[in-house]
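Peer 1: Provide a 3D model corresponding to the input given below.
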Amino acid sequence: MLNRIIRILATAVGCALLLAGCGLRLDDPAPSKEISFDAGSALLRSDATKSVAYYDNTSFGVFTFKQSGGTWAQLASKHWKPNYMFNQEVHYQSGVYTYSPLRFWPDPADGTLTFWAYSPYDADADLLVAGSTTTAYTSNSEGLPDMRVTVDGHTDVLYSDVLADQTYTSNSGVANISFNHALSLIDVYVQKIDDPDDDYTVTLNSVSFNGIYVTGILKSLDWSWYSYSGARQNLLLWEEDPDDASDDAIAQLENGVSHSIGSLMPLPQSLTSDLARLQVVFTLSSPSLQTSRTTTRNVLLRETLPSNLTEWVKNSHYTLTIKISADRPIEFTVTWSDWGADHNYHLSS
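Peer 2: Numbering: from 1, shown residues only. A predicted model of the protein is given here:
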């Protein structure tokens, strides 16, 4: 009987030690592999050599597709759904990207992840099933969304490259997001034509881009714009404030001196319509004759483009100089180039 009790106790102690050993191993899991983001190392690329950093206190929206049993390209992105992250806000501040709740990389045997993003983040972004102008895009939709966007002329709109087939080991757990400009950029300068024989001064009152579309759909198939909607609107670029002396230096034009009055980021679109016009309002004064008159001049926007173009092109940068004289039409000089990474106007101006 005593031997039997000893054997039972020995077995119990052995089991207890075995369980303790197993318990020790179970309580020491592998480190958690949370998904991290980086949009600073290759942001806003117009070509492979240009990059700038992301702005502080800026957010972008992320869609993440979990794939099991195939790559993004093999199924032409049509069968994957944004079921891992859907319009997840990622916030950037001082080199740190944060989002909540945290998501973790799946085991590679369980699938890979593909990422797509846009900026600035909008919790109520108007997302549409690709090719549709009415069907809402949800977490159960397939492929990338189209986006209906309304611009204010002073805030950039960005969309990312597709970052496909990622695992934790692809880049040590970091999803590197590379963005592209979806809008056009116009830098505007104004100057008085140098004519020493003319006794007049020019005071600039306002500059606006009138009769243009501000709402359109960004198509994920080829990242072009279509389905412009809503009434044509006027986007004010600059207006002199009579109660603010800080803008007087710009308003009082000098002979041959170009004054920068700001930048506009419009929706890329055709400018063949006669409704699309640049409006310049200025006051001509003659000190010797003691006369003054305010003049409004409207110019077809297509006439402000290089001669071979009839539209504002996505990711294109235009420098427009408006030259004003007393009795001659407004003259223009225009240069055109890719937007490039030297100009990041993502924040509202």
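Peer 1: now do the helices in the stretch 101-250 of the chain.
Peer 2: Secondary structure of the stretch 101-250 of the chain (DSSP state H, counting those that start in this stretch): helices at 248-251.
Peer 1: endpoints of stretch 64-84, how far apart?
Peer 2: 5 Å (Cα to Cα, to the nearest Å).
Peer 1: now do the buried residues in it.
Peer 2: Buried positions in stretch 64-84, judged by neighbour count with 16 or more other Cβ atoms under 10 Å: T64, F65, K66, Q67, W72, S77, W80, K81, P82, Y84. To be clear about C-beta, it is placed using only N, CA and C from the backbone, and glycine gets the same treatment.
Peer 1: would you list these in JSON lines and tack on secondary structure and distance to S258?
Peer 2: What follows is these, written out as JSON lines (DSSP: H, G, I helix; E, B strand; the rest coil; distance: Cβ to Cβ, whole Å):
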{"residue": "T64", "secondary structure": "strand", "distance to S258": "47"}
{"residue": "F65", "secondary structure": "strand", "distance to S258": "48"}
{"residue": "K66", "secondary structure": "strand", "distance to S258": "53"}
{"residue": "Q67", "secondary structure": "strand", "distance to S258": "53"}
{"residue": "W72", "secondary structure": "coil", "distance to S258": "48"}
{"residue": "S77", "secondary structure": "coil", "distance to S258": "47"}
{"residue": "W80", "secondary structure": "coil", "distance to S258": "50"}
{"residue": "K81", "secondary structure": "coil", "distance to S258": "52"}
{"residue": "P82", "secondary structure": "coil", "distance to S258": "47"}
{"residue": "Y84", "secondary structure": "coil", "distance to S258": "51"}
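Peer 1: what's the lowest-pLDDT member of those?
Peer 2: For the buried residues of stretch 64-84, the weakest pLDDT value sits at S77, with 63.
Peer 1: closest to S172 among the buried residues of stretch 64-84?
Peer 2: T64 (17.3 Å; Cβ to Cβ).
Peer 1: count of neighbours near P108?
Peer 2: By other Cβ atoms under 10 Å, 11 other residues sit near P108.
Peer 1: ok, it - contacts?
Peer 2: Neighbour list for P108: T167, Y168, T169 [criterion: Cβ atoms under 8 Å, 6 or more residues apart in numbering].
Peer 1: filter those residues down to the buried ones.
Peer 2: The buried subset of the contacts of P108 - by 16+ other Cβ under 10 Å - is Y168.
Peer 1: closest to T304 out of the contacts of P108?
Peer 2: Nearest to T304 among the contacts of P108, with distances taken as Cβ to Cβ, is T167, at 49.2 Å.
Peer 1: the closest one reaches L113, doesn't it?
Peer 2: Yes: look at T167 against L113 with Cβ atoms under 8 Å: they come within range, at 7.4 Å.
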